[in-house]
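A.B. asks: sequence and predicted structure are below.
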Amino acid sequence: SQTIHQWPATLVQPVGSPLSLECTVEGTSNPNLYWYRQAAGRGLQLLFYSVGIGQISSEVPQNLSASRPQDRQFILSSKKLLLSDSGFYLCAWSPGQGLLGYTFGSGTRLTVV
Amino acid sequence: DAKTTQPPSMDCAEGRAANLPCNHSTISGNEYVYWYRQIHSQGPQYIIHGLKNNETNEMASLIITEDRKSSTLILPHATLRDTAVYYCIVRSGTGTASKLTFGTGTRLQVTL
């Protein structure tokens, strides 16, 4: 069966520090991968999605970047965090083809102080 | 993808059926209706999806009107654990990266 792992669960980082959040998927190949962010009390905002290794599409211009170095690995990064980067970050995957929905990871709660 | 409209909040007594409406009047012929829910501080969870016909699974039933301009998610016997934000999403089933765009959803509060 397929599983998605996301870590860390919580993170407190100072303003100006770098960020690296990792997401991995097991039990499938060629998944579509997604990063979402949810600010406190707000809806989910799609940040990046990827249909293959090295293929990244950005939905919203921001202080963040994403990379997909391996088929089932998706990384969210920042060189210098801003206070506004605080939020709940969720990784998700969906099959490359077909009608199945998304499966989300358990999320990372990032607080920038 | 077509836009959806949901009430911001609803209450339901435990044990009763919860009926969550969604309007998607601009839906096109190849777009599916998906429902997800997000329990506080967790990732969204897939519930059900459909195209034209009504669908049922172990979690819920999805009723789609004949003109497909609206749908209703039914939780037949709501429990306190069903308290969550419920998202109705319309998206095309074609393409290799069909992005899910989440709106603000309906916050369902199940009470004793």
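C.D. replies: Thanks, I have it. Numbering: from 1, shown residues only, chains lettered A, B, ... in the order given.
A.B. asks: what sits against the closest residue to chain B within chain A?
C.D. replies: Closest residue of chain A to chain B, C-beta to the nearest C-beta: A:Phe104 (3.1 Å). C-beta: built from backbone N, CA, C; applies to glycine. A:Phe104 is in contact with A:4, A:36, A:90-92, B:43-45, counting by C-beta atoms under 8 Å, 6 or more residues apart in numbering or on different chains.
A.B. asks: ditto for A:Leu19
C.D. replies: Counting by C-beta under 8 Å, 6+ apart, A:Leu19 has contacts A:11, A:13, A:64, A:76-78, A:81, A:85, A:110.
A.B. asks: how about the residues you listed in JSON lines, adding distance to chain B and neighbour count?
C.D. replies: JSON lines is the format used below for those (distance: C-beta to the nearest C-beta, whole Å; neighbours: other C-beta atoms under 10 Å in any protein chain shown):
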{"residue": "A:Leu11", "distance to chain B": "14", "neighbour count": "17"}
{"residue": "A:Gln13", "distance to chain B": "19", "neighbour count": "16"}
{"residue": "A:Leu64", "distance to chain B": "17", "neighbour count": "21"}
{"residue": "A:Leu76", "distance to chain B": "15", "neighbour count": "22"}
{"residue": "A:Ser77", "distance to chain B": "20", "neighbour count": "13"}
{"residue": "A:Ser78", "distance to chain B": "21", "neighbour count": "19"}
{"residue": "A:Leu81", "distance to chain B": "21", "neighbour count": "21"}
{"residue": "A:Asp85", "distance to chain B": "18", "neighbour count": "20"}
{"residue": "A:Leu110", "distance to chain B": "13", "neighbour count": "21"}
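A.B. asks: how about JSON lines for these, with secondary structure and pLDDT added?
C.D. replies: JSON lines is the format used below for the contacts of A:Leu19 (DSSP: H, G, I helix; E, B strand; the rest coil; pLDDT from 0 to 100):
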{"residue": "A:Leu11", "secondary structure": "strand", "pLDDT": "96"}
{"residue": "A:Gln13", "secondary structure": "strand", "pLDDT": "97"}
{"residue": "A:Leu64", "secondary structure": "coil", "pLDDT": "95"}
{"residue": "A:Leu76", "secondary structure": "strand", "pLDDT": "97"}
{"residue": "A:Ser77", "secondary structure": "strand", "pLDDT": "96"}
{"residue": "A:Ser78", "secondary structure": "strand", "pLDDT": "96"}
{"residue": "A:Leu81", "secondary structure": "coil", "pLDDT": "96"}
{"residue": "A:Asp85", "secondary structure": "helix", "pLDDT": "94"}
{"residue": "A:Leu110", "secondary structure": "strand", "pLDDT": "96"}
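A.B. asks: can you pick out the most distant pair from those?
C.D. replies: Based on C-beta to C-beta, the longest span within the contacts of A:Leu19 runs between A:Leu11 and A:Leu64 and measures 13.8 Å.
A.B. asks: can you tell me the element the residue nearest to the spatial centre of chain B falls in?
C.D. replies: Against the mean C-alpha coordinate of chain B, by C-alpha atoms, centre = their mean, the closest residue is B:Trp35 at 3.3 Å. Secondary structure from DSSP states H and E places B:Trp35 in strand B:31-38.
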